[in-house]
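Colleague: need a 3D model of the following:
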Amino acid sequence: MYLLLLLVLALTVLLPLFYIGRLFRLDEPSFSHWLLSLLEAAVVLALIMLVGRWDIAGLYTFYALALLLALATIVSFLRHVRRPWRAEASLPLWKARPVALLTIAAFAGVLVWIGSGLVSGPTPRALAFPLEGGPFIVGQGGNHSLLNHHHGHREQRHAADIVALGPAGFRASGLLPEEVTGYAIFGARVVSPCAGRVVVVRDGVPDLVPPRMDPENPPGNHVIIACDGLRIMLAHLKQGSITVVEGERLAEGDFIGRVGNSGNTSEPHLHVHAYNAETGEGVQVAFDGAVPIRNRIYSRPSAAP
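Modeller: Numbers count the residues shown, from 1 in each chain. Sure thing, here's the model as predicted:
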(Lines give C-alpha, C1' and ligand atoms only; values in the text may rest on other atoms or scores of the structure.)
Protein backbone atom coordinates (compact mmCIF):
# COMPACT_ATOMS: atom_id res chain seq x y z
CA MET A 1 0.00 0.00 0.00
CA TYR A 2 2.85 2.39 0.82
CA LEU A 3 4.47 1.67 -2.54
CA LEU A 4 1.18 2.35 -4.33
CA LEU A 5 0.72 5.66 -2.54
CA LEU A 6 4.33 6.65 -3.27
CA LEU A 7 3.72 5.88 -6.94
CA VAL A 8 0.61 8.08 -6.87
CA LEU A 9 2.66 10.93 -5.39
CA ALA A 10 5.43 10.49 -7.97
CA LEU A 11 2.98 10.62 -10.87
CA THR A 12 0.91 13.50 -9.52
CA VAL A 13 3.72 15.72 -8.21
CA LEU A 14 7.14 14.82 -9.62
CA LEU A 15 6.06 14.34 -13.23
CA PRO A 16 4.25 17.72 -13.37
CA LEU A 17 7.29 19.37 -11.79
CA PHE A 18 9.48 17.85 -14.50
CA TYR A 19 7.33 19.29 -17.29
CA ILE A 20 6.95 22.65 -15.55
CA GLY A 21 10.71 22.89 -15.02
CA ARG A 22 11.27 22.05 -18.69
CA LEU A 23 8.87 24.83 -19.71
CA PHE A 24 10.82 27.33 -17.60
CA ARG A 25 14.06 26.31 -19.34
CA LEU A 26 12.78 26.02 -22.92
CA ASP A 27 14.89 27.77 -25.54
CA GLU A 28 13.49 26.68 -28.90
CA PRO A 29 14.70 27.93 -32.30
CA SER A 30 11.20 28.89 -33.44
CA PHE A 31 7.76 29.75 -32.13
CA SER A 32 6.26 26.61 -33.70
CA HIS A 33 8.77 24.40 -31.88
CA TRP A 34 7.88 26.17 -28.62
CA LEU A 35 4.15 25.73 -29.26
CA LEU A 36 4.65 22.02 -29.85
CA SER A 37 6.58 21.65 -26.57
CA LEU A 38 3.88 23.61 -24.74
CA LEU A 39 1.14 21.41 -26.19
CA GLU A 40 3.02 18.27 -25.17
CA ALA A 41 3.30 19.50 -21.59
CA ALA A 42 -0.34 20.62 -21.58
CA VAL A 43 -1.85 17.27 -22.58
CA VAL A 44 0.33 15.32 -20.13
CA LEU A 45 -0.45 17.66 -17.23
CA ALA A 46 -4.16 17.83 -18.11
CA LEU A 47 -4.39 14.04 -17.83
CA ILE A 48 -2.51 13.98 -14.52
CA MET A 49 -4.66 16.75 -13.06
CA LEU A 50 -7.80 14.95 -14.22
CA VAL A 51 -7.09 11.50 -12.79
CA GLY A 52 -4.74 12.43 -9.92
CA ARG A 53 -5.81 11.72 -6.35
CA TRP A 54 -5.47 15.25 -4.99
CA ASP A 55 -6.85 14.19 -1.63
CA ILE A 56 -3.61 12.19 -1.30
CA ALA A 57 -1.19 14.58 -3.02
CA GLY A 58 -2.89 17.60 -1.44
CA LEU A 59 -5.48 20.04 -2.74
CA TYR A 60 -3.13 22.98 -2.25
CA THR A 61 -0.44 21.03 -4.09
CA PHE A 62 -2.81 21.00 -7.06
CA TYR A 63 -3.30 24.78 -6.82
CA ALA A 64 0.46 25.34 -6.50
CA LEU A 65 1.22 23.21 -9.55
CA ALA A 66 -1.46 25.01 -11.57
CA LEU A 67 0.05 28.36 -10.57
CA LEU A 68 3.58 27.22 -11.44
CA LEU A 69 2.35 25.95 -14.81
CA ALA A 70 0.74 29.29 -15.59
CA LEU A 71 3.91 31.15 -14.57
CA ALA A 72 6.15 28.83 -16.60
CA THR A 73 3.92 29.27 -19.64
CA ILE A 74 4.07 33.08 -19.38
CA VAL A 75 7.86 33.16 -18.89
CA SER A 76 8.41 30.74 -21.74
CA PHE A 77 6.01 32.58 -24.03
CA LEU A 78 7.77 35.91 -23.46
CA ARG A 79 11.06 34.26 -24.35
CA HIS A 80 9.74 32.90 -27.66
CA VAL A 81 7.05 35.33 -28.81
CA ARG A 82 9.38 37.30 -31.11
CA ARG A 83 11.01 34.28 -32.67
CA PRO A 84 10.13 33.26 -36.25
CA TRP A 85 7.36 30.75 -36.80
CA ARG A 86 9.88 28.40 -38.39
CA ALA A 87 13.63 28.49 -38.08
CA GLU A 88 15.62 28.67 -41.28
CA ALA A 89 16.75 25.33 -42.68
CA SER A 90 14.90 23.46 -39.94
CA LEU A 91 13.17 20.15 -40.57
CA PRO A 92 9.35 19.95 -40.61
CA LEU A 93 7.96 19.42 -37.13
CA TRP A 94 6.82 15.86 -37.85
CA LYS A 95 10.44 14.99 -38.67
CA ALA A 96 12.10 17.14 -36.03
CA ARG A 97 9.87 16.16 -33.06
CA PRO A 98 8.23 12.78 -33.77
CA VAL A 99 8.24 11.76 -30.10
CA ALA A 100 6.48 14.95 -29.05
CA LEU A 101 3.82 14.49 -31.73
CA LEU A 102 3.25 10.87 -30.69
CA THR A 103 3.01 11.92 -27.03
CA ILE A 104 0.44 14.58 -27.87
CA ALA A 105 -1.65 12.16 -29.94
CA ALA A 106 -1.52 9.40 -27.31
CA PHE A 107 -2.31 11.58 -24.31
CA ALA A 108 -5.01 13.53 -26.16
CA GLY A 109 -6.66 10.22 -27.08
CA VAL A 110 -6.56 9.05 -23.46
CA LEU A 111 -7.95 12.41 -22.32
CA VAL A 112 -10.94 12.03 -24.65
CA TRP A 113 -11.39 8.41 -23.57
CA ILE A 114 -11.35 9.19 -19.85
CA GLY A 115 -13.14 12.52 -20.29
CA SER A 116 -16.27 10.61 -21.22
CA GLY A 117 -16.37 9.50 -17.60
CA LEU A 118 -16.93 13.09 -16.49
CA VAL A 119 -20.10 13.48 -18.53
CA SER A 120 -23.34 13.20 -16.57
CA GLY A 121 -26.24 11.13 -17.81
CA PRO A 122 -29.37 12.87 -19.08
CA THR A 123 -31.29 12.62 -15.80
CA PRO A 124 -29.24 11.88 -12.66
CA ARG A 125 -31.44 11.41 -9.61
CA ALA A 126 -31.32 14.36 -7.23
CA LEU A 127 -30.16 13.63 -3.67
CA ALA A 128 -28.83 15.72 -0.81
CA PHE A 129 -25.17 15.34 0.10
CA PRO A 130 -25.01 12.65 2.84
CA LEU A 131 -22.31 14.17 5.07
CA GLU A 132 -22.24 17.18 7.36
CA GLY A 133 -19.27 19.52 7.62
CA GLY A 134 -16.49 19.51 5.10
CA PRO A 135 -14.81 20.10 2.86
CA PHE A 136 -15.21 16.61 1.46
CA ILE A 137 -13.71 15.35 -1.79
CA VAL A 138 -14.60 12.41 -4.05
CA GLY A 139 -11.73 9.90 -4.23
CA GLN A 140 -13.48 7.38 -6.48
CA GLY A 141 -16.31 8.57 -8.72
CA GLY A 142 -17.25 8.94 -12.36
CA ASN A 143 -18.26 6.84 -15.35
CA HIS A 144 -14.85 5.38 -16.12
CA SER A 145 -12.85 2.61 -14.48
CA LEU A 146 -9.74 4.84 -14.22
CA LEU A 147 -11.77 7.37 -12.22
CA ASN A 148 -13.93 4.93 -10.28
CA HIS A 149 -12.87 1.40 -9.42
CA HIS A 150 -16.53 0.50 -8.76
CA HIS A 151 -17.56 1.21 -12.34
CA GLY A 152 -17.34 -2.41 -13.49
CA HIS A 153 -19.86 -3.54 -10.86
CA ARG A 154 -23.45 -3.56 -12.13
CA GLU A 155 -25.05 -2.29 -8.93
CA GLN A 156 -22.21 0.07 -7.99
CA ARG A 157 -21.29 1.48 -11.41
CA HIS A 158 -22.16 5.00 -10.20
CA ALA A 159 -20.82 4.59 -6.65
CA ALA A 160 -18.71 7.23 -4.94
CA ASP A 161 -16.03 6.93 -2.24
CA ILE A 162 -15.81 10.17 -0.29
CA VAL A 163 -13.09 11.40 2.06
CA ALA A 164 -12.60 14.65 3.94
CA LEU A 165 -9.86 17.25 3.63
CA GLY A 166 -7.99 18.49 6.67
CA PRO A 167 -6.82 22.09 7.16
CA ALA A 168 -3.70 21.47 5.04
CA GLY A 169 -5.73 20.02 2.16
CA PHE A 170 -4.84 16.35 2.72
CA ARG A 171 -7.18 13.46 3.51
CA ALA A 172 -5.00 12.32 6.43
CA SER A 173 -2.18 13.37 8.73
CA GLY A 174 0.51 11.44 6.92
CA LEU A 175 0.64 9.13 3.96
CA LEU A 176 -0.96 6.08 5.59
CA PRO A 177 -1.68 6.63 9.30
CA GLU A 178 -2.23 3.46 11.29
CA GLU A 179 -4.76 5.16 13.57
CA VAL A 180 -8.25 5.73 12.19
CA THR A 181 -8.34 9.11 13.92
CA GLY A 182 -5.52 10.21 11.60
CA TYR A 183 -8.02 10.42 8.73
CA ALA A 184 -10.00 13.64 8.46
CA ILE A 185 -13.30 11.92 7.69
CA PHE A 186 -13.31 9.45 10.57
CA GLY A 187 -16.31 10.15 12.80
CA ALA A 188 -17.97 12.59 10.36
CA ARG A 189 -21.76 12.77 10.63
CA VAL A 190 -23.66 10.78 7.99
CA VAL A 191 -27.19 11.98 7.20
CA SER A 192 -30.00 10.74 5.00
CA PRO A 193 -29.72 11.98 1.41
CA CYS A 194 -33.47 11.69 0.88
CA ALA A 195 -36.83 11.17 2.54
CA GLY A 196 -37.41 7.44 2.74
CA ARG A 197 -37.60 4.28 4.80
CA VAL A 198 -34.74 2.30 6.31
CA VAL A 199 -34.81 -1.23 4.87
CA VAL A 200 -31.43 -2.63 6.03
CA VAL A 201 -29.27 -1.89 9.04
CA ARG A 202 -26.02 -3.71 9.81
CA ASP A 203 -23.92 -2.82 12.84
CA GLY A 204 -21.40 -4.61 15.01
CA VAL A 205 -18.61 -4.98 12.44
CA PRO A 206 -15.35 -3.70 14.01
CA ASP A 207 -13.43 -0.71 12.67
CA LEU A 208 -10.08 -1.95 11.40
CA VAL A 209 -6.61 -0.47 11.65
CA PRO A 210 -5.56 0.69 8.13
CA PRO A 211 -4.69 -0.89 5.79
CA ARG A 212 -6.29 -4.09 7.15
CA MET A 213 -9.46 -5.09 5.29
CA ASP A 214 -12.42 -7.40 5.87
CA PRO A 215 -13.38 -8.99 2.52
CA GLU A 216 -15.96 -11.25 4.20
CA ASN A 217 -18.05 -8.20 5.15
CA PRO A 218 -17.61 -5.88 2.13
CA PRO A 219 -19.89 -2.97 3.18
CA GLY A 220 -19.12 -3.31 6.88
CA ASN A 221 -21.60 -1.44 9.04
CA HIS A 222 -24.13 0.03 6.64
CA VAL A 223 -27.63 1.37 6.10
CA ILE A 224 -29.85 0.99 3.03
CA ILE A 225 -32.68 3.48 2.50
CA ALA A 226 -35.66 2.98 0.17
CA CYS A 227 -36.22 6.28 -1.60
CA ASP A 228 -38.65 6.77 -4.49
CA GLY A 229 -37.87 3.52 -6.28
CA LEU A 230 -34.19 3.60 -5.36
CA ARG A 231 -32.11 1.84 -2.76
CA ILE A 232 -29.35 4.04 -1.31
CA MET A 233 -26.48 2.28 0.46
CA LEU A 234 -24.25 4.15 2.91
CA ALA A 235 -21.36 1.89 3.89
CA HIS A 236 -18.23 1.52 6.08
CA LEU A 237 -19.89 3.24 9.05
CA LYS A 238 -18.39 3.37 12.53
CA GLN A 239 -19.23 0.48 14.81
CA GLY A 240 -21.93 1.40 17.32
CA SER A 241 -22.67 4.78 15.72
CA ILE A 242 -25.81 3.89 13.75
CA THR A 243 -28.94 5.39 15.32
CA VAL A 244 -31.66 4.22 12.91
CA VAL A 245 -33.58 0.93 12.81
CA GLU A 246 -35.17 -1.06 10.01
CA GLY A 247 -38.60 0.25 9.10
CA GLU A 248 -37.90 3.75 10.42
CA ARG A 249 -39.05 6.70 8.32
CA LEU A 250 -36.41 9.34 7.64
CA ALA A 251 -36.58 12.91 6.44
CA GLU A 252 -33.80 14.34 4.29
CA GLY A 253 -30.92 15.32 6.55
CA ASP A 254 -31.82 13.01 9.47
CA PHE A 255 -28.77 11.69 11.33
CA ILE A 256 -27.86 8.07 10.52
CA GLY A 257 -24.43 7.40 11.99
CA ARG A 258 -20.77 8.26 11.62
CA VAL A 259 -18.05 7.39 9.14
CA GLY A 260 -15.86 4.52 10.27
CA ASN A 261 -13.51 1.96 8.78
CA SER A 262 -15.52 -1.24 8.86
CA GLY A 263 -15.68 -3.83 6.09
CA ASN A 264 -13.58 -4.25 2.96
CA THR A 265 -11.95 -0.84 3.07
CA SER A 266 -8.29 0.12 3.34
CA GLU A 267 -8.96 3.43 5.09
CA PRO A 268 -11.88 5.46 6.49
CA HIS A 269 -14.28 6.83 3.89
CA LEU A 270 -17.97 6.90 3.09
CA HIS A 271 -19.07 4.62 0.27
CA VAL A 272 -22.44 5.53 -1.23
CA HIS A 273 -24.29 4.17 -4.22
CA ALA A 274 -27.85 4.01 -5.53
CA TYR A 275 -29.52 1.24 -7.50
CA ASN A 276 -32.92 0.54 -8.99
CA ALA A 277 -35.00 -1.42 -6.47
CA GLU A 278 -36.52 -3.63 -9.17
CA THR A 279 -33.64 -4.29 -11.55
CA GLY A 280 -30.60 -3.92 -9.27
CA GLU A 281 -29.00 -1.66 -11.90
CA GLY A 282 -26.80 1.16 -10.62
CA VAL A 283 -28.33 4.63 -10.94
CA GLN A 284 -26.43 7.89 -11.35
CA VAL A 285 -27.19 10.51 -8.71
CA ALA A 286 -26.37 14.17 -8.19
CA PHE A 287 -25.60 15.43 -4.68
CA ASP A 288 -26.88 18.98 -4.24
CA GLY A 289 -27.04 19.27 -8.04
CA ALA A 290 -23.52 17.93 -8.77
CA VAL A 291 -22.71 14.38 -9.91
CA PRO A 292 -19.90 12.91 -7.75
CA ILE A 293 -16.82 12.60 -9.95
CA ARG A 294 -13.22 12.30 -8.84
CA ASN A 295 -11.88 15.40 -7.06
CA ARG A 296 -15.29 17.11 -6.84
CA ILE A 297 -15.59 18.99 -3.54
CA TYR A 298 -18.71 19.18 -1.37
CA SER A 299 -19.62 20.83 1.91
CA ARG A 300 -22.80 20.78 3.98
CA PRO A 301 -23.43 22.86 7.09
CA SER A 302 -23.81 20.79 10.25
CA ALA A 303 -27.21 20.70 11.93
CA ALA A 304 -25.71 19.35 15.15
CA PRO A 305 -25.62 21.76 18.11
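Colleague: from Gly152, how far out is the closest residue to His273 other than its chain neighbours?
Modeller: Excluding its sequence neighbours, the residue lying closest to His273 (Cβ to Cβ, 6 or more residues apart in numbering) is Ala159, at 3.5 Å. No exception for glycine: its C-beta is placed from N, CA and C like everyone else's. Using Cβ to Cβ, to the nearest Å, Ala159 is found at 11 Å from Gly152.
Colleague: who's more crowded, these two?
Modeller: Ala159 (23 against 9; other Cβ atoms under 10 Å).
Colleague: quick one, phi/psi of the more buried one?
Modeller: The phi and psi values for Ala159, taken as degrees, to the nearest 10, are phi -70, psi 160.
Colleague: check contacts around it.
Modeller: Ala159 makes contacts with 140-141, 148, 150, 153, 271-273, 282, as judged by Cβ atoms under 8 Å, 6 or more residues apart in numbering.
Colleague: which of these lies closest to Gly52?
Modeller: Closest approach to Gly52 among those (Cβ to Cβ): Gln140, at 13.0 Å.
Colleague: count of neighbours near the nearest residue to the closest one once chain neighbours are set aside?
Modeller: Counting by Cβ to Cβ, 6+ apart, the nearest residue to Gln140 once its immediate chain neighbours are dropped is Asp161, at 4.0 Å. Using other Cβ under 10 Å, Asp161 has 22 neighbouring residues.
Colleague: with Val75 instead?
Modeller: Val75: 14 neighbours (other Cβ under 10 Å).
Colleague: please identify the helix or strand for the residue nearest to it when sequence neighbours are not counted.
Modeller: Excluding the flanking residues, the one nearest Val75 by Cβ to Cβ, 6+ apart is Phe24, at 6.1 Å. According to DSSP states H and E, Phe24 maps onto helix 15-25.
Colleague: buried stuff in the helix or strand that comes right after that helix?
Modeller: Of the helices and strands lying after helix 15-25 in sequence (DSSP H and E), the nearest is helix 31-51. Within helix 31-51, the residues that count as buried by 16 or more other Cβ atoms under 10 Å are 31-34, 36-45, 47-51.
Colleague: and stretch 109-125, how far apart are its ends?
Modeller: Across its full length, stretch 109-125 reaches 30 Å between end residues, using Cα to Cα, to the nearest Å.
Colleague: what separates that stretch from the chain centre, distance-wise?
Modeller: 14 Å (Cα atoms, centre = their mean, to the nearest Å).
Colleague: all helices for this structure, in order.
Modeller: Assigned by DSSP state H, the chain shows helices spanning 2-9, 15-25, 31-51, 54-57, 59-80, 93-96, 98-115.
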